[in-house]
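Chemist: what would the 3D arrangement of this be:
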Amino acid sequence: MKMMKVAVLSVAVCLAACALVVVGSSAQSKRAPTELPPLPVREKGFPAALAPVVGAEHAFAQHSIDHGMKPAFLAYAAPDGVVVNRRGPVNAIETWRQREPAPTGLLTWWPTYADVSRAGDLGWTTGPFEFREKPTQEKPDGTGHYFTVWRRQPDGSWKWVLDLGIQHPAPETTETVLTYPASLKKNVRAAAAPSVDAEAARQTLLEAERTLSDASASGGFRTALLARADESLRLYRQGTFPLVGKESVAGAVKVLSEYIAWKPLKADVAASGDMGYAYGTYELRTNQSDEKPAERGNYARVWKREGNGPWRVVFNVANPAQ
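Modeler: Residues are numbered from 1 along each chain as shown. Coordinates of the predicted model:
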């Protein structure tokens, strides 16, 4: 997530989909650079399972404002948490401990979309980020969207396990409203999720990754992705604003004919087997017959499914290696 926010440091310092619930005011108000939009977790009907996920993200961001980026990343990263930098996916704690001197400047971010598994053990958030070399600056030096995967730890706390995102120009208006799948509101009082064979579910997710990669490399990225996309699909590409909704993605990538091979380095699923994610590397070819790739980079993807149904892509982010 904020590793792309941190990528902004290297640059600055060297609706939407169907089935969404919108909460909070959509009015654009003047907001101080150190002020985070409030969370609607106390509003009537807000999904209880989602509250700790967005609460952890909010606390993470506030910690960065109050104490700096390095202390915040070290405090909220899981032991196996991963950030994506120039070397690709690396251990977050080891990487941040080695950052001396600690980076300065003001990095702020807040969730505007979030989801959580039925088991309440895996979730993810995304939203805008802003970086300012000086906290008093009105306009940010860098902007973009982050992406974070959160996992509940054995002690009950929430730590992030994957963090990356994209840079893009500053938007005309600042997005502050938090949205989430309508299914969460429907299931706010639902019974506990049934137990599943998590390893078997993880293997089916890896198979979904493999078939997507094969189809993308042979028949093109657009066709392969849309055939496996959920209606709520979010597509993030470096340098451009996020695309939200399968229809929006289909309309925006009609002219793209890239052939992309994806290689997952890790995949994990929730105990309920309904949500999972994968991250790894990719190679992009402009033409299928090209001997060498035109671009290499890193990616992350979130999948969801109903029961034993097919996995569907709900989020896809790809960043070229720098």
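
Chemist: CA atoms for contacts and neighbours, from now on please.
Modeler: Noted.

Chemist: okay, now the domains of this protein?
Modeler: The chain breaks down into these domains under automatic domain parsing: 2-186, 198-320.

Chemist: where among the ones you listed is average confidence lowest?
Modeler: Note on the domains of the chain: domain 2-186 shows the lowest mean pLDDT, a mean of 85.

Chemist: in a strand, His58, correct?
Modeler: No - counting by DSSP: H, G, I helix; E, B strand; the rest coil, His58 is not part of a strand but helix.

Chemist: surely it and Thr108 touch.
Modeler: No - between His58 and Thr108 there is no contact under C-alpha atoms under 8 Å: 10.0 Å.

Chemist: what touches both of the two?
Modeler: Leu36 (C-alpha atoms under 8 Å, 6 or more residues apart in numbering).

Chemist: those two: who's more crowded?
Modeler: Neighbour count, other C-alpha atoms under 10 Å: between His58 and Thr108, Thr108 has more, with 27 against 20.

Chemist: continuing past the helix or strand harbouring the more buried one, what's the next helix or strand?
Modeler: If you go by DSSP states H and E, Thr108 is part of strand 106-109. Next helix or strand after strand 106-109 toward the C-terminus (DSSP H and E): strand 113-116.

Chemist: and the contacts of that following strand?
Modeler: 49-50, 53-54, 122-127, 178-181, 184, 275.

Chemist: would you mind writing the CA trace of that strand as PDB?
Modeler: Output in PDB follows, covering the C-alpha atoms of strand 113-116 (Å, rounded to 0.1, in the frame of the first residue of the first chain):
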ATOM      1  CA  TYR A 113     -13.100   1.200  -0.100                       C
ATOM      2  CA  ALA A 114     -12.800  -1.800   2.100                       C
ATOM      3  CA  ASP A 115     -13.900  -5.500   2.400                       C
ATOM      4  CA  VAL A 116     -13.500  -8.300   4.800                       C
END
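
Chemist: what pairs with the helix or strand just after it, parallel or antiparallel?
Modeler: Sequence-wise, the next helix or strand downstream of strand 113-116 (DSSP H and E) is strand 122-132. Take DSSP bridges as the rule and strand 122-132 pairs in its sheet with strand 106-109 (antiparallel), strand 113-116 (antiparallel), strand 142-152 (antiparallel).

Chemist: what's the closest of those strands to Gly239?
Modeler: strand 142-152 (8.4 Å; C-alpha to C-alpha).

Chemist: give me the buried positions along that closest one.
Modeler: Judged by neighbour count (16 or more other C-alpha atoms under 10 Å), strand 142-152 contains these buried residues: 142-152.

Chemist: and if you look at stretch 220-236?
Modeler: 220-226, 228-236.

Chemist: can you check stretch 79-92 too?
Modeler: 81-85, 88-92.

Chemist: kindly report the same for stretch 264-275.
Modeler: Neighbour counts over stretch 264-275 (16+ other C-alpha under 10 Å) mark 264, 267-275 as buried.

Chemist: what about that stretch, start to end distance?
Modeler: One end of stretch 264-275 to the other measures 16 Å (C-alpha to C-alpha, to the nearest Å).

Chemist: which residues does that stretch contact?
Modeler: 116-119, 121-122, 193-198, 201-202, 205-206, 209, 276-281, 302-307.

Chemist: could you rerun that using 6 Å?
Modeler: If you take C-alpha atoms under 6 Å, 6 or more residues apart in numbering as the criterion, stretch 264-275 is touched by 117, 119, 122, 195-196, 198, 201-202, 276-280, 303-305.

Chemist: which of the buried residues of stretch 264-275 fall within strands?
Modeler: Among the buried residues of stretch 264-275, the members falling in strands (DSSP state E) are 264, 267-269, 275.

Chemist: on that earlier part again, now distance to Lys246 too, for the buried residues of stretch 264-275, in a markdown table please.
Modeler: Listed next are these as a markdown table, based on distance: C-alpha to C-alpha, whole Å:
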| residue | distance to Lys246 |
| --- | --- |
| Pro264 | 23 |
| Ala267 | 23 |
| Asp268 | 24 |
| Val269 | 23 |
| Ala270 | 24 |
| Ala271 | 27 |
| Ser272 | 25 |
| Gly273 | 23 |
| Asp274 | 20 |
| Met275 | 18 |
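
Chemist: out of those, what pair is the most spread apart?
Modeler: Maximum distance among the buried residues of stretch 264-275 (C-alpha to C-alpha): 21.5 Å, for Pro264 and Ser272.

Chemist: most widely separated two among the buried residues of stretch 220-236?
Modeler: Greatest spatial distance among the buried residues of stretch 220-236 (C-alpha to C-alpha): Gly220 and Ser232, at 21.0 Å.
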